[in-house]
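Participant: this one's sequence-less:
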């Protein structure tokens, strides 16, 4: 069982790599231990967006009167149907990847893969059957899982991770979410929106700590306006289960305890390197990350690594971009490395967050002389008509060159707007060049133009 390319892991890095290799005429094997599409399509990016869409639909139905729509009777969320719809969306995407692999000529093998010292791969199926396969090139794309902390031991019922948060059988009345990154903030927003009393706890001084401080404060204000309790600069010391309730001890400005039905641990992810056989194969790794060059070659000839297991943002679109570069390099094509300084990040709360490049504070820290343009959606006709004027666009320019150092957005649909700035930065366009282009009216994207126009 010899292949040109073996890909281990069928997430957005792995299945993209496999498809591209097979379309180029390479005999390709894709190994996956669970479901095609990986965490993103089955337990992450896609099903969470389905839940968030359900929350949005509930919000509009509950506020229908404000839009001139009469709905008789009380509008209630149907939690079970929301979860069912989310799982259905995930199943659809899974079937889509399966179709794509079949169409591309990718052979798929289900099981747990382990590298051997002779660079072969042993695959153990769920029933214990073993197969040994060999490939000229092996791409590791095994992804990551929810991080477990000693003071937050997940039991799947009282203290849960993101998987359980998507498949709870009943809606909790109260929940403490630990960690306010994209995963924590999105789940906190979802549950609060459908009536669960959520308390969001963040160890850092601001929520969404990787984002611009003004973005963070705006999101926190919106969360609180919707009834969420938010603690920053606060840690969770311990969680005790008493009479089927979670008693959470917090340390911040003061020590206090909270009681809730469920604690969601959303404190990041850990890579899936255990049991992969990296030591046997001689592949170098450190602190859960595999060492690679700009084309994703490890220190062992013929073995590559992409996605969450290599240094860089643990994002689905980053893994896919790395897959394209990696396979093109294997195919002998001329290829440009991924530009990690120009990776957009998105958080799908309400309001949404999108950013790329340097924030205002980070640009100052790096010694740039900057110009900052900002436009509030309070002045946007489209936002006003839509009924949600929260948020703004902030653009940071190099004062000397007029090049865009970064952009932060918060508001409705800003995750669909950020790509204008990503492309502009990739093409080295100046603020004046973007300002000279005509933006359609009325749109949220006018905020980019208006933010640049505000710079004197």
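Facilitator: On my side now, so go ahead. Just so we're clear, the structure is a prediction, and the values are computed from it rather than from any experiment.
Participant: how far does stretch 347-359 sit from the chain's center?
Facilitator: Averaging C-alpha positions (Cα atoms, centre = their mean, to the nearest Å) puts stretch 347-359 11 Å from its chain's average.
Participant: check contacts around the residue nearest the centre of the chain.
Facilitator: Closest to where the C-alpha atoms of the chain average out (Cα atoms, centre = their mean) is residue 315, at 5.2 Å. The neighbours of residue 315, taking Cβ atoms under 8 Å, 6 or more residues apart in numbering as the test, are 343, 345. The C-beta positions use only the backbone N, C-alpha and C, and glycine is treated the same way.
Participant: residue 368 versus that one, what's the distance?
Facilitator: As judged by Cβ to Cβ, to the nearest Å, residue 315 and residue 368 stand 25 Å apart.
Participant: hmm, residue 75 is touching residue 57, no?
Facilitator: No. Residue 75 lies out of contact with residue 57 (Cβ atoms under 8 Å); the separation is 10.1 Å.
Participant: now the closest residue to residue 391 other than its chain neighbours: how far from residue 425?
Facilitator: Of all residues not flanking residue 391 in the chain, residue 411 sits nearest, at 2.9 Å (Cβ to Cβ, 6 or more residues apart in numbering). Using Cβ to Cβ, one obtains 20 Å as the distance from residue 411 to residue 425.
Participant: more neighbours: these two, which one.
Facilitator: Neighbour totals were compared for residue 411 and residue 425, and residue 411 leads with 28 against 20 (other Cβ atoms under 10 Å).
Participant: partner residues bridging that one?
Facilitator: Listed by DSSP bridges, the beta-bridge partners for residue 411 are residue 352.
Participant: start at 621 instead
Facilitator: Noted, 621 is the first residue going forward, which turns the last one into residue 1031.
Participant: contact partners for it?
Facilitator: By Cβ under 8 Å, 6+ apart, the neighbours of residue 1031 are 971, 972, 997, 1003, 1008, 1010, 1011, 1012, 1013, 1064, 1067.
Participant: all strands for the stretch 921-1070 of the chain, in order.
Facilitator: Using DSSP state E, counting those that start in this stretch, the strands of the stretch 921-1070 of the chain run over 923-925, 965-967, 972-977, 990-996, 1012-1018, 1024-1031.
Participant: how about the stretch 621-770 of the chain?
Facilitator: Taking DSSP E, counting those that start in this stretch as the criterion, the stretch 621-770 of the chain carries its strands at 622-628, 648-652, 727-730, 732-735, 741-744, 750-760, 764-766.
Participant: quick one: contacts for residue 691?
Facilitator: Applying Cβ under 8 Å, 6+ apart, we find residue 691 in contact with 681, 684, 685.
Participant: go through these and name the one nearest residue 869.
Facilitator: Distance to residue 869, by Cβ to Cβ, is smallest for residue 681 among the contacts of residue 691, at 38.0 Å.
Participant: what about the closest one, distance to residue 703?
Facilitator: For residue 681, the distance to residue 703 equals 18 Å [Cβ to Cβ].
Participant: and residue 891, by the same measure?
Facilitator: Between residue 891 and residue 703 the computed distance is 28 Å (Cβ to Cβ).
Participant: for residue 1022, same thing?
Facilitator: Between residue 1022 and residue 703 the computed distance is 49 Å (Cβ to Cβ).
Participant: between those two, which one's more packed in?
Facilitator: More crowded of residue 1022 and residue 703, by other Cβ under 10 Å: residue 703, with 20 against 17.
Participant: I'd say that one and residue 785 touch.
Facilitator: No. Using Cβ under 8 Å, residue 703 makes no contact with residue 785, being 10.1 Å away.
Participant: tell me where the model's unsure across the stretch 921-1070 of the chain.
Facilitator: Scanning the stretch 921-1070 of the chain for pLDDT under 70 picks out nothing.
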